[in-house]
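A.B. asks: fold the following, please.
(2 chains)
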There are 2 protein chains.
Amino acid sequence: MEIVNNKEAILLRELRNNTARWVKGEGPLNHIVISTRIRLARNLKNIPFPFKASDRQREQVLMKIESLLKDSKLLNNFKLININNLEERDIQFLVEKRLISLALAHLNYSSRALIYGPDEVMSLLVNEEDHFRLQSLLPGYQLKKVWEIINCYDREMMNKIDYAFNEKEGFLTCCPTNLGTGLRASVMLHLPALIIMNKLSDLIAPITKKGFAIRGFYGEGSSFQGNLFQVSNQTTLGFTEGEILENLEIETKKLIEEEEKTREELILNHRTLMEDQIMRAYGILTNARIISTSEAFNLLSKVRFGIELGMLTKIGYDTINRLMLIIQPGFIQLLKNQEMKKEERDLFRAGLIQELLPYKAG
Amino acid sequence: MEIVNNKEAILLRELRNNTARWVKGEGPLNHIVISTRIRLARNLKNIPFPFKASDRQREQVLMKIESLLKDSKLLNNFKLININNLEERDIQFLVEKRLISLALAHLNYSSRALIYGPDEVMSLLVNEEDHFRLQSLLPGYQLKKVWEIINCYDREMMNKIDYAFNEKEGFLTCCPTNLGTGLRASVMLHLPALIIMNKLSDLIAPITKKGFAIRGFYGEGSSFQGNLFQVSNQTTLGFTEGEILENLEIETKKLIEEEEKTREELILNHRTLMEDQIMRAYGILTNARIISTSEAFNLLSKVRFGIELGMLTKIGYDTINRLMLIIQPGFIQLLKNQEMKKEERDLFRAGLIQELLPYKAG
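C.D. replies: Coordinates of the predicted model:
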């Protein structure tokens, strides 16, 4: 029996066992789109940005939002974790869960916090680069829905606290690239066919020229793995929120169409070869005794591809999403409740995968 | 339903379905030794060696042995296949079955034949390099037993036909390297540990200096695959049969000891890594859709290693031996009863493996 006796440890354990909404994987175009995410950068009037603020001022920011959690019906059932109380590996776990940014993990500010709602659909970072970073995250392609949700929470906060805002520059943010709307929307795509046929780099060039970025699974500063790519807007000023989302939709839909077309070509011309690759990945995942994170990611990408192509029917996107989370170093150490070396994790990871994947694929 | 309407086709189908004694894999030291084999080169007095003989003379050789089959109680239930009646892929099948030599397959002499007894323990090639090549083959390490068997058949023949023989040179043979005893004995070893630890080449050098050869699965002219190595004597003159077998035993036992020692080291220091490699091989074999002969051989070698180390207990050496046979091009085409391209065979091979290997290893 696990004995858990502090607030953060209890919440971490809850999060470890909880399946976030996006992980369930049910959403439009979920054969290509893993998830849709929007984040808003917001700051309080009259308090310097976190990097310039004193410990006392950052504490004020945290206290402000804590009192709002109590006052607001909308935010009433949200939970708060003080990041500064956590060990390194637990912070890593929250990054892996897509609840906090790499920036929040690495900045050494006092009074950093994560606040999150039911099913981890809405979350809020305190004292990251900005005072507040709101995030909304749903499975599949749901830009409009995600926007409605985050907008609702943003308005609630705007009613209760004074945001730093002016008519000319919009919302004021620490980094000038976030000025204006403070909005970044991103869509996470699984693009194995474009990678296999070596088409992605040609498609990405014009998209980045138009002011969009293509990033890895954990956004800014993360590497590409598992054929997963996040497309997001870079410009936040000079467009309305609606225009930003529309433009992102146009570019994302192009990639989705190309991926679909390329999958059809692959199935038409190389069906058995694809099946072979998918089944070999499955065979390794269900039999290996030692497996690294990046190998697991790449093999899981192939298995996901098998589901997307209708070749594997006994497992769902939820299993793959859950596996992609729990095989990561922070998550694994939280599961074992101890610090583990790479060799120990690689061994434990293989066992975890075999617990979740049915042994026989077909 | 297959319709089979000539003598050779009927015998080939029988051979296809029959499990040779050596394939059953039950014999001393069978955790390292696949099989033991002895062959004797013999010629008739007063008829030139096959390469110098006329068609008529080669036919006489064949008729001589055919009449002996009828007269001898010992050879009475042996069967005869005329190699010249066979298609290329069926000849390949007999090579794969270890019943005929690469030489018999490639020499274009008339009146070539294969004669074989129950369980394929004893066989006899007619009009290969020599008039007769007797072969005896058993599973595991059984040099003495194999010698007893082949000696018994050799004496029976010697009683009924005139061998080319003189006191000074012993049995006369086409190639001078076979003069004297005309005996070649070989032991097939599975040496994965020595390969993994890169120890084999150092061990082989002194053995070859002493007049022994190390060859691949099909002996002379075959390549190394699946960590399988045949050790055989090169010298046949100047030693008695007993001395040849004793010397081979000494060298073979050294290799067996080294392999055992190295396996112990591997298990002690790298048990999980070994398990990982073995289970990955198992996972690929039971899931791939396309698989080449040489990949299959190497993966089956790993699975055999798993059995040898006691890690895999649900399958036996007989399954691995049978698989090593039926995955080969000639065997596959005989099973499908048609000519097949490499791509078709690779597909069919994957299916065959999955029919014979239990899906779950443990």
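
A.B. asks: pLDDT score assigned to A:Pro358?
C.D. replies: Turning to A:Pro358, the model gives it a pLDDT of 89.

A.B. asks: surely it meets A:Ile315?
C.D. replies: Yes: here A:Pro358 reaches A:Ile315: they are 6.5 Å apart, a contact under CB atoms under 8 Å. Placement of C-beta: from N, CA and C, glycine included.

A.B. asks: between the two, which one's more packed in?
C.D. replies: More neighbours surround A:Ile315 than the other of A:Pro358 and A:Ile315, with 18 against 13 (other CB atoms under 10 Å in any protein chain shown).

A.B. asks: my understanding was that that one contacts A:Tyr359; is that so?
C.D. replies: No: A:Ile315 is beyond contact range of A:Tyr359, at 11.4 Å (criterion: CB under 8 Å).

A.B. asks: would you map the helices across the stretch 101-250 of chain A?
C.D. replies: A:102-106, A:143-160, A:192-196, A:200-209, A:241-285 (DSSP state H, counting those that start in this stretch).

A.B. asks: now render those helices as a markdown table, adding mean neighbour count and distance to B:Thr177.
C.D. replies: As requested, these are arranged in a markdown table below (neighbours: other CB atoms under 10 Å in any protein chain shown; distance: least, CB to CB, whole Å):
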| stretch | mean neighbour count | distance to B:Thr177 |
| --- | --- | --- |
| helix A:102-106 | 16 | 71 |
| helix A:143-160 | 17 | 80 |
| helix A:192-196 | 22 | 53 |
| helix A:200-209 | 14 | 61 |
| helix A:241-285 | 18 | 46 |
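
A.B. asks: now those helices in CSV, with mean pLDDT and distance to chain B?
C.D. replies: Listed next are the helices of the stretch 101-250 of chain A as CSV, based on pLDDT from 0 to 100; distance: least, CB to the nearest CB, whole Å:
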stretch, mean pLDDT, distance to chain B
helix A:102-106, 90, 31
helix A:143-160, 96, 38
helix A:192-196, 95, 16
helix A:200-209, 92, 25
helix A:241-285, 97, 3
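
A.B. asks: these: which one's closest to B:Lys145?
C.D. replies: Closest approach to B:Lys145 among the helices of the stretch 101-250 of chain A is made by helix A:241-285 (39.8 Å; CB to CB).

A.B. asks: helices or strands next to whichever helix or strand comes after that closest one in the packing?
C.D. replies: Toward the C-terminal end, the helix or strand that comes next after helix A:241-285 (DSSP states H and E) is helix A:293-308. Applying 3 or more CB pairs under 8 Å, 6 or more residues apart in numbering or on different chains; DSSP states H and E, one finds that helix A:293-308 makes contact with strand A:183-190, helix A:192-196, helix A:241-285, helix A:317-326, helix A:342-356.

A.B. asks: can I assume A:Ser292 is in contact with A:Asp346?
C.D. replies: Yes: look at A:Ser292 against A:Asp346 with CB under 8 Å: they come within range, at 5.6 Å.

A.B. asks: the more surrounded of the two?
C.D. replies: Just comparing A:Ser292 and A:Asp346: by other CB under 10 Å the higher neighbour count belongs to A:Asp346, 22 against 14.

A.B. asks: I figured A:Gln60 hits A:Pro48, correct?
C.D. replies: No: applying CB under 8 Å as the test, A:Gln60 and A:Pro48 come out as separate, 10.8 Å apart.

A.B. asks: pull the contacting residues for A:Met340.
C.D. replies: If you count contacts by CB atoms under 8 Å, 6 or more residues apart in numbering or on different chains, A:Met340 has them with A:Ile332, A:Gln333, A:Phe348.

A.B. asks: please report phi then psi for it.
C.D. replies: Dihedral angles of A:Met340 (phi, psi; degrees, to the nearest 10) stand at phi -130, psi 140.

A.B. asks: and it, how far from A:Phe212?
C.D. replies: Distance of A:Met340 to A:Phe212, given as CB to CB, to the nearest Å: 38 Å.
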